[in-house]
Every structure is written in structure tokens, then in C-alpha cells.
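Q: For reference, the sequence and a predicted model appear below.
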Amino acid sequence: MRITAEHVIKFIEGVAARIKEHRDELVQLDQPIGDSDHGVNMDRGFTTVLDKLPTVADKDIGTILKTVGMTLVSTVGGASGPLYGTAFIRAGMALADRYELTPAEVVAALEAALEGIQARGKAQRGEKTMIDAIAPGIDVLKEAQASGEDFHAAMRRSVAAVEAGMKATIPMLATKGRASYLGQRSIGHQDPGATSAFYMAQVMLETIEGIEE
Amino acid sequence: MRITAEHVIKFIEGVAARIKEHRDELVQLDQPIGDSDHGVNMDRGFTTVLDKLPTVADKDIGTILKTVGMTLVSTVGGASGPLYGTAFIRAGMALADRYELTPAEVVAALEAALEGIQARGKAQRGEKTMIDAIAPGIDVLKEAQASGEDFHAAMRRSVAAVEAGMKATIPMLATKGRASYLGQRSIGHQDPGATSAFYMAQVMLETIEGIEE
Amino acid sequence: MVSLLIVSHSAQLAAGVREFTSQVAGAGVQIMDAGGTDDGALGTSIGRIQQALEQIASPDGTLVLVDLGSAVLSVEMAIEALGADAKVRISDAPLVEGAYLAALEAAAEASLDETAAAALQAREMVKIHS
Amino acid sequence: MVSLLIVSHSAQLAAGVREFTSQVAGAGVQIMDAGGTDDGALGTSIGRIQQALEQIASPDGTLVLVDLGSAVLSVEMAIEALGADAKVRISDAPLVEGAYLAALEAAAEASLDETAAAALQAREMVKIHS
Ligand SMILES: Nc1ncnc2c1ncn2[C@@H]1O[C@H](COP(=O)(O)OP(=O)(O)O)[C@@H](O)[C@H]1O
Ligand SMILES: Nc1ncnc2c1ncn2[C@@H]1O[C@H](COP(=O)(O)OP(=O)(O)O)[C@@H](O)[C@H]1O
Ligand SMILES: [Mg+2]
Ligand SMILES: [Mg+2]
Ligand SMILES: [Mg+2]
Ligand SMILES: [Mg+2]
């Protein structure tokens, strides 16, 4: 499977569009347990990313991802800025100077991204954050890699795990981020960051599915 | 001794003038242990009091003093507003409907004023506030009353006690008001509120000295 | 629902706390600010505090959050001026953090007691995780 | 002297805390505010935080006071961007009260450690006396 810089750019553009589409939903999810801005924050960030993309379109994948991350960091304005920003920067660092990727490299970059989120936000699984959606998806990809499953199939199972992880945040008690200030009242609501992570995973699957195995 | 409403008005006007004269000094005293506004606050308050005085010039002494107090409360803007404001209001309540006062009534009104300051600010002697200047002055007047000393002489001794009380705030550790946030660093500075209290006492003495025994 | 009044020596500060907390309080929670003196200097205005208390008065009561120093004296005088019926409580909590937690609590239709208790939890708020 | 940076989701709030604390800090203490996003919404701007940190950098160090939530993440990113030499510490203290006590301490030529410790005392600040 040949995953190129063009695919990466297509993925980023797809994420920007998907986020814009779900902007209001992400705002609404952030209302009961946050400050009603997650959709606005993410859309602000990815809209600026779209403006920046042409300047790095001919660069290596590492540079593209780092640029995305730095743009998110400097424009999002909420926790998701430093968190997703660090994720993209770390993924970019893992893929420095690469113009083409193997599935194994994609998985390694995703792992680096998750480590970045955890280093930045100091949250573990089970604290009702984006990590609860992202981590199970990466688990599946690592398993699949070990068992030699094909990448399309692995990606489909991975995104299903992300979706399940997103839904699993509903009964969770938040212990990190703004939702944690609500204590018990954070229970019963789906985490907005886990939801935006699911949309990104969806777009990643769609991008991969568009590439020959 | 006939102390009339006119004398009271003269006293208030005198205080307003004395405060204006010492405005910058009171600001400077508030700098190391406060927020550099005591002179500005007091001058703002008493300047408005001067504007209001003509509207109550023909009223009883109680009404005059209550009006002064309410004006201070609503215009001073710092702790000294509610504190001196309550003092004048309580003195006014003690002298309701009176157009002439005996020295004993003056002393009773000053006692009511001090009680008002203590009720409002919850401070006792020794906490480095205006109370440390005012209370010793009232002690002297009460003693003098018991021993039958003449009021002019008593007032002179009283103001000397106020001055000594003001100076005694220098080595004190502040435990109430803004200066208390400085902890040990509040030691070694004269309290601005004790100083404005001394100026008021001075003007009171001058007013009383202008009246035949 | 319980109402919140934000009192500070600085008009900007008070307005900022209102802005910050209104974002998380539902539309049902009335939050007002009373900062600065009447002439815009640093200080507090008992008149404006009293007006604000009248404006946001609610059968469930009002919690007042203050910065420090004489703000408390000013609020106490304003409450007394409103008379004995006024259901108003002053909080000893940190201003910003206490107002934030109080806004969340009030929005959940908590009582004045509960809202006041929530505000005080702000003293133990951990901002930096390790 | 130690410098202070005030970070809040609200630009007004941050500017108000600067105004309030500058009144008691001597002229020697540099206090700056970085509040709101670049487009003026509620949020934090890592760029503006970083610029402010550069502007008030002092050999004695800078103490950063924050409102809550993601403000800490933003400040941490800004500090990392400044490099390992930057002498900057984030305080876990209540914003307004911590900044006030830190300003008094910094004005007394205290060290960064002492200033940070003074800010934390704000958690126990008693505003209402009885
Ligand atoms: N410490 C953290 N670690 C991981 N994720 C976090 C953390 N804090 C917040 N989040 C994620 O960020 C999301 C909120 O993002 P957003 O609303 O944009 O920021 P803010 O909470 O600052 O308004 C949450 O739903 C959660 O998934
Ligand atoms: N709780 C209190 N009880 C008695 N006097 C007090 C109290 N708090 C402050 N003061 C007096 O008020 C003076 C400060 O007045 P001012 O500077 O006008 O107000 P602020 O401290 O609010 O700026 C102090 O010097 C002190 O004498
Ligand atoms: Mg949010
Ligand atoms: Mg936000
Ligand atoms: Mg003062
Ligand atoms: Mg003041």
C-alpha cells in the first residue's frame, strides 16, 4: 500500500470538512459538560489549517503534519488546541522527511500522537476524554499488525473501536478537563473531544479505503 | 457649653479642608501597606459631603451627621467609606432630633461611632487600624467626664491620645484590612486610617476650642 | 435558580468574571457584575452593588463573590440596606474559581447552601496535573 | 524582581487582574496580561502568552497565574516554546487572590520560590471576618 503526501493532505482536508459539518453538534456536546465551544474551536483551527496547507503541499509528510499541529496549537484556543496540536506535531516528528508511508508507519505515528496527547494532558484512559476514543482504536491497529490482518480491514475494526470508545465516555465520570469540575454531573454525557476524534478516525478510514491495498 | 448644628457643620467643613490638605500624605502612607488611595478616597468622599451639606444645613444634628455618613458610604470606594460612614451614621442616630449638644452627648456620639466602626470592620485595638487612634481618644474623654475635667482641657488631652495612638500603629502588625495581606512587612509603617482619624480629631478640638466653655 | 453577583475593585475584572462564568452557566442563572467606583476608579460602589442585588434578586437567593479587602464591607452594607428579607450570602471563596463552580452548581438548580458550598470547593481546585 | 503574567480565557478578566494587582505592586514589578483568543473570543492564545513571557522575562523569573482548565496546557506549550533556559513557573493558586499576594511578594524583592509560595497562601485567604 502506497500512502503518499497527497493522501495525507486529502485526509487533513477531509477532517476540516467533517469538523465543519459537525461543528454545531460538537458545540452542543460541549454544552452540558463544558463551555460550548469545542465545535467552534476545532472549526477555527482547521479552517486556518486549510489556509496553511498550500504552503506545505510539496513538503514531506512530517512537515505537513507538524504544520497542521502548530496551526492547531496557535488557533484553537481551548484544551483541544494543545492536545490535537501536540498529537499532529508528534506524528509529524515520527514521519520526518517521509514522502510515502507504510501502514506500519501510520500506526507508529498514531502511537506517537497518542503519547503526545497523554504527555500534554496528563490523562489516562477512563477519565472521559478524547483518549478514551483514540486509545482503543490504536490497540486494534497494533493487534492487527501483529496478526498480519490487512490494513483496510484493520482500519475498519479500528474505527469501530473508536466509536465504541466514544460511546463508552457517556457513563464515565470526568476527572480531567473542564468536565471534571462538574463531578458526578459529568456522568451521562458523551465527551465532545472523543467525538471529534471519532470523526477524524472516520475520515482516516475513508482515506485509506480510497487507496489500493 | 452650647454646641450647635452650626458648629457641627463647621466641623465637617473643617474636616473636608484638612483632608484635602493632607490628601497626598494619606496617599503616600497608604502606598507601602495598602493601595495608595486613602487620601483620594477620603477627599472624594468629603468633597461630595461639602456639596450635600447645604441641603441639610437647617436640619437637626442627627440628620446632618447621618447625611455625611451616607455620603461617605456611597462615594469613598474603599474600606474607609463603610467604616467612617457607619461611624457618622451611628453618631447621627445617637443625636437624632438634637439641635444643641452637651459635651456628654458629644462623647456618647463618639462612643456610638467607634462601636459602629468595630461592628462594621470586626477589628479590635492593636490590629493597626483607625481604631488604634480613635479608641484611646474616647478613653480620655470618658475618664475626664467621670472626674469632672473641663471639656476644652479634656479635648486637648484626648487629641494627644489620638496622636499617640496613631503613632503607636507604626510598630504594629496589621491583622485587618489590606495591610494584613503584607504580614510582617506591615510593621514599621503608620496606618493611613489612623492618620485621617487624627486629622478629624484635630479639627474637632479646634471647633470645640472656638466655643465658650 | 440562585443568582450570582461578582464584586471587584476593578470594573474590568468583575465584567470579565461575569463573561467567563456566563459561558458555562445556563441561560437560567442570572450573573451580574459590580466593579469599580462610580467614577470608574479602583474601588467598590455600594450603590451599584445594591442595584445589582435588587436586579438579580431571586426567591432562591443570591451568592456574592468578592475579590478582597473592603469589597466585603461594601457588600455587607448593601445587603443591610436591602433589609432583613434579602436572601443574599457573601462567599469567602476565591473569586474566579469560586464563581465558576458556583455557576455550574446554580445551573443545576442547586440551593443557595449548595451553591455556596460548591464555591468554597474552589480553594482546593487543582489546575496543574502531573 | 520577579515578573507576573496573568492568563485567563477572558481578555477583560486578565486585564482587570493586571489593573487590580498593579495598584499594589511597586513600579519595579512587571505585570502583563494575556487573555482571550487572538480573535477576541473566550479561550487562550499560546502566541500571545509566549510574547508576553518574552516581554517581561527577568533574571529573577516569571510566575504565571491562570484561571483554569486549558489555560495551563497553553502556558505549558508557550514555556516549552521558549526553551529550557526560561525561568518561568505556573502557579496553582487562585487567580485574583494569588496574583495579589504574589504582587506584594515580588515587590518586596522576593525570589521566584518565595513569590510562588506567597501566591499559594491565597487558598487560605480569609475575606470575611466575624
Ligand atoms: N487533560 C486532557 N487530556 C486529554 N483530553 C482532554 C484533556 N482536557 C480536555 N480534553 C479533551 O478536550 C475536549 C474539550 O475541548 P475544547 O472544548 O476544545 O476545550 P476547552 O475544554 O478548553 O473548552 C474534551 O472533551 C476532552 O476530550
Ligand atoms: N476592618 C477594619 N477595621 C477598622 N479599620 C479598618 C479596617 N480595614 C481597614 N481599615 C482602615 O481603613 C484604612 C484604609 O482605608 P482606604 O485606603 O480608604 O481603603 P482600602 O484599604 O479599601 O483601600 C486603613 O488604614 C485602616 O485604618
Ligand atoms: Mg470547550
Ligand atoms: Mg473553551
Ligand atoms: Mg487604600
Ligand atoms: Mg482601595
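A: Nice, thanks for sending it over. Ligands and ions are numbered 1, 2, ... in the order given.

Q: Quick check: chain neighbours aside, which residue is closest to the closest residue to ligand 4 within chain C?
A: Residue of chain C nearest ligand 4, by Cβ to the ion: C:Gln23 (7.7 Å). Backbone N, C-alpha and C define where each C-beta goes, glycine included. Spatial nearest neighbour of C:Gln23, excluding adjacent residues (Cβ to Cβ, 6 or more residues apart in numbering or on different chains): A:Asp35 at 4.9 Å.

Q: need the helices for chain A, in chain order.
A: Counting by DSSP state H, residue ranges of the helices within chain A are A:5-21, A:23-33, A:38-56, A:61-75, A:80-94, A:103-121, A:131-147, A:151-168, A:192-209.

Q: ok, the closest residue to ligand 1 within chain C - contacts?
A: Relative to ligand 1, the nearest point of chain C is C:His129 (6.8 Å; Cβ to the nearest ligand atom). Counting by Cβ atoms under 8 Å, 6 or more residues apart in numbering or on different chains, C:His129 makes contact with A:121-123, A:176, D:72.

Q: Of these, select the buried ones using a ChimeraX command.
A: Paste this into ChimeraX to select the buried members of the contacts of C:His129, with burial taken from 16 or more other Cβ atoms under 10 Å in any protein chain shown:
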select /A:121,123,176 /D:72
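
Q: Between which two of the contacts of C:His129 is the distance greatest?
A: Spanning the widest gap among those are A:Ala123 and D:Val72, at 12.7 Å by Cβ to Cβ.

Q: Might one say that the residue of chain C closest to ligand 4 is in contact with A:Ser36?
A: Yes: contact criterion Cβ atoms under 8 Å: C:Gln23 and A:Ser36 qualify, at 6.8 Å.

Q: Give the helix, strand or coil label for C:Tyr98.
A: Actually, residue C:98 is Gly. It isn't Tyr. The local conformation at C:Gly98, judged by DSSP: H, G, I helix; E, B strand; the rest coil, is helix.

Q: related to what we said a few turns ago, and which of the contacts of C:His129 is nearest chain C?
A: A:Lys122 (4.1 Å; Cβ to the nearest Cβ).

Q: Nearest spatial neighbour of that closest one, chain-adjacent residues omitted?
A: Once flanking residues are discounted, A:Lys122 sits nearest to C:His129: 4.1 Å by Cβ to Cβ, 6+ apart.

Q: for C:Leu82, same thing?
A: Nearest non-adjacent residue to C:Leu82, counting by Cβ to Cβ, 6+ apart: C:Leu53, 6.0 Å away.

Q: got it, and C:Arg48?
A: Per Cβ to Cβ, 6+ apart, closest to C:Arg48 is C:Ala34, 4.5 Å.

Q: Report the distance from the helix or strand containing the one you found to the chain centre.
A: C:Ala34 belongs to strand C:31-35 when elements are defined using DSSP states H and E. Relative to the chain's own centre, strand C:31-35 is displaced by 7 Å; criterion: Cα atoms, centre = their mean, to the nearest Å.

Q: That one near ligand 2 anywhere?
A: No: in terms of Cβ under 6 Å from any ligand atom, no part of strand C:31-35 sits within range of ligand 2; the closest distance is 13.9 Å.

Q: Minimum distance to ligand 6, which residue of chain C gives it?
A: Ligand 6 sits closest to C:Gly43 of chain C, with a gap of 5.3 Å, by Cβ to the ion.

Q: Likewise for chain A?
A: Closest point on chain A to ligand 6, by Cβ to the ion, is A:Tyr181, at 31.7 Å.

Q: Wait, that residue touches C:Ala103, no?
A: No: taking Cβ under 8 Å as the definition, A:Tyr181 is not a contact partner of C:Ala103, at 9.9 Å.

Q: Which one's more surrounded, those two?
A: The neighbour comparison of A:Tyr181 against C:Ala103 (other Cβ atoms under 10 Å in any protein chain shown) goes to C:Ala103, with 29 against 24.

Q: Do any residues in the one helix or strand that one maps to lie close to ligand 1?
A: Secondary structure from DSSP H and E places C:Ala103 in helix C:95-107. No: using Cβ under 6 Å from any ligand atom, helix C:95-107 stays clear of ligand 1, coming no nearer than 12.5 Å.

Q: What lies in contact with the helix or strand that comes right after that helix?
A: Remark: after helix C:95-107, the chain's next helix or strand is helix C:112-120, criterion DSSP H and E. Under the criterion Cβ under 8 Å, 6+ apart, residues C:2, C:60-63, C:65, C:87, C:89, C:91-93, C:98-99, C:101-102, C:104-106, C:110 lie in contact with helix C:112-120.

Q: Let's see that with 6 Å instead.
A: Helix C:112-120 has contacts (Cβ atoms under 6 Å, 6 or more residues apart in numbering or on different chains) with C:2, C:61, C:63, C:89, C:91, C:93, C:98, C:101-102, C:105-106.

Q: Can you give the distance of that helix from its chain's centre?
A: Chain-centre distance of helix C:112-120: 11 Å, with Cα atoms, centre = their mean.

Q: show me the contacts for C:Glu80.
A: Contact analysis of C:Glu80 by Cβ under 6 Å, 6+ apart lists nothing.

Q: and it, how far is that from B:Ala119?
A: 11 Å (Cβ to Cβ, to the nearest Å).

Q: ok, for the spatially most distant residue from the centre of chain A, nearest residue in space, not its chain neighbours?
A: Of all residues in chain A, A:Gln184 has its C-alpha farthest from the mean position, at 26.7 Å, by Cα atoms, centre = their mean. In space, and not counting its chain neighbours, A:Gln184 is closest to A:Leu173: 6.8 Å by Cβ to Cβ, 6+ apart.

Q: which residue sits closest to residue 25, ignoring its sequence neighbours?
A: As the question left the chain open, I've gone with chain A. What sits nearest to A:Glu25 in space, not counting adjacent residues and going by Cβ to Cβ, 6+ apart, is A:Gly39, at 6.8 Å.

Q: my bad, chain C
A: Closest residue in space to C:Ala25, ignoring its immediate chain neighbours: C:Ala103 at 3.9 Å, by Cβ to Cβ, 6+ apart.

Q: my guess is the one you found meets C:Ser22, correct?
A: No: in this structure C:Ala103 lies outside contact range of C:Ser22 using Cβ atoms under 6 Å: 7.5 Å.

Q: Tell me where the model's unsure across chain C.
A: Applying pLDDT under 70 to chain C picks out no residues at all.

Q: per-residue confidence for the closest residue in space to A:Ile89 that isn't next to it in sequence?
A: Nearest residue to A:Ile89, sequence neighbours excluded (Cβ to Cβ, 6+ apart): A:Gly69, at 3.5 Å. We have a pLDDT of 98 for A:Gly69.

Q: show me where pLDDT drops low in chain A?
A: Filtered on pLDDT under 70, chain A yields no residues whatsoever.

Q: Up against chain B, what does it have?
A: Chain A comes close to chain B at no residue, as judged by Cβ under 6 Å from any Cβ of the partner chain.
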